[in-house]
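Trainee: the sequence isn't on hand, but the structure is:
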């Protein structure tokens, strides 16, 4: 099989992006879409190992682990060695699962135009089909995003904030237009009316925001536990305190990334 570098890199960019997206969902870590794309693009360069005649198994394993570390460091904001290990393990496991499925298709299902060289998957596809595939994937992603956003847009939920053994509850809106994050950690923020907290809370964060038809800064703090419709959110979430009235029907705005 003749290997075309452009096809090799393109297909690996797509695969790497899917692996990174799955990794993000499994570990519930927030990141920017551009970081996933850049990581998928740069890590696709590791696929060039198919051009080498032979790589020992142990060296192939080391290369894959290095690739997983490289992908995670670029795609996500890693602030601890524990989080890095978690990201790499999940990423590597998904990559191995993907290669396993491709190996089965290649060896037992007689699928054509697939080659596995040095544990790297290569799909042979002509340029015209490559362009068509790109357009189709782009359309599918756009449609999927529209459906996902429609599912959570204007959703009103029950919010429960736990902080220092005190619980604060109110109705909140999950807003796809709200992308407020705590500037140092990048963690998502829930904007809450001051009236909900009904007591003076010591704040230790200043959070810039663009929402509620205005922009400015909010005093904030990190919640101990967040429950949305009685479901515990396994993410670091900060609370931004809003002194005005958000809406007559709900008292908080939830960054949509918290529930994804």
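Mentor: Looks like it came in fine. Bear in mind that the values here come from a model prediction, so they are computed numbers and not experimental data. Numbers count the residues shown, from 1 in each chain.

Trainee: report the contact partners of residue 26.
Mentor: By CB atoms under 8 Å, 6 or more residues apart in numbering, the residues touching residue 26 are 90, 94. For glycine as for every other residue, the C-beta is placed from the backbone atoms N, C-alpha and C.

Trainee: host element of it?
Mentor: Assigned by DSSP states H and E, residue 26 falls within helix 5-27.

Trainee: average pLDDT for that helix?
Mentor: Mean pLDDT, helix 5-27: 79.

Trainee: past it, which element shows up next along the chain?
Mentor: Heading C-terminal from helix 5-27, the first helix or strand you meet, by DSSP H and E, is helix 33-43.

Trainee: centre of the chain versus that next one, how much separation?
Mentor: Chain-centre distance of helix 33-43: 11 Å, with CA atoms, centre = their mean, to the nearest Å.

Trainee: ok, now stretch 27-37?
Mentor: Put simply, stretch 27-37 sits 4 Å off its chain's centre (CA atoms, centre = their mean).

Trainee: what's it in contact with?
Mentor: Against stretch 27-37 from outside (CB under 8 Å, 6+ apart): 17, 20-21, 24, 74-77, 83, 86-87, 90, 181, 186-188, 234-235, 257.

Trainee: next one: stretch 246-254
Mentor: The contact list for stretch 246-254 (CB under 8 Å, 6+ apart) reads 156-157, 159, 170-175, 178, 190-193, 195-196, 211-212, 228.

Trainee: list buried residues within the residues you listed.
Mentor: Among the contacts of stretch 246-254, the ones that count as buried by 16 or more other CB atoms under 10 Å are 157, 159, 170, 172-175, 178, 190-193, 196, 211-212, 228.

Trainee: in helices, which of these fall?
Mentor: Residues of the buried ones among the contacts of stretch 246-254 located in helices (DSSP state H): residue 196.

Trainee: restricted to strands, list the buried ones among the contacts of stretch 246-254.
Mentor: Judged by DSSP state E, those include 157, 159, 170, 172-175, 190-193, 211, 228 as members of strands.

Trainee: closest to residue 61 among the residues you listed?
Mentor: Minimum distance to residue 61 across those is 40.3 Å, recorded for residue 228 (CB to CB).

Trainee: chain neighbours aside, what residue packs nearest to the closest one?
Mentor: Distances taken as CB to CB, 6 or more residues apart in numbering put residue 157 closest to residue 228, at 5.2 Å, once the chain neighbours are dropped.

Trainee: pLDDT score for that neighbour?
Mentor: On pLDDT, residue 157 comes in at 88.

Trainee: return the residues in contact with it.
Mentor: Taking CB under 8 Å, 6+ apart, one finds 171-174, 228-229, 254 in contact with residue 157.

Trainee: what's the farthest-apart pair in the residues you listed?
Mentor: The largest separation in the contacts of residue 157, counting by CB to CB, is between 173 and 229 at 12.8 Å.

Trainee: just give the number of residues close to residue 257.
Mentor: For residue 257, the number of neighbouring residues by other CB atoms under 10 Å comes to 21.

Trainee: any idea how far residue 191 lies from residue 251?
Mentor: According to CB to CB, to the nearest Å, residue 191 stands 10 Å off from residue 251.

Trainee: ugh, typo on my part, it should be residue 85
Mentor: Taking CB to CB as the measure, residue 85 falls 39 Å from residue 251.

Trainee: cool, residue 9 as well?
Mentor: Distance from residue 9 to residue 251, by CB to CB: 49 Å.

Trainee: of these two, who's got more company?
Mentor: More crowded of residue 9 and residue 251, by other CB under 10 Å: residue 251, with 22 against 15.

Trainee: so who does the closest residue to that one other than its chain neighbours touch?
Mentor: Closest residue to residue 251 apart from its sequence neighbours, by CB to CB, 6+ apart: residue 170 at 4.0 Å. Applying CB under 8 Å, 6+ apart, we find residue 170 in contact with 159, 192-193, 196, 250-252.

Trainee: same question, residue 200
Mentor: Contacts for residue 200 (CB under 8 Å, 6+ apart) come out as none.
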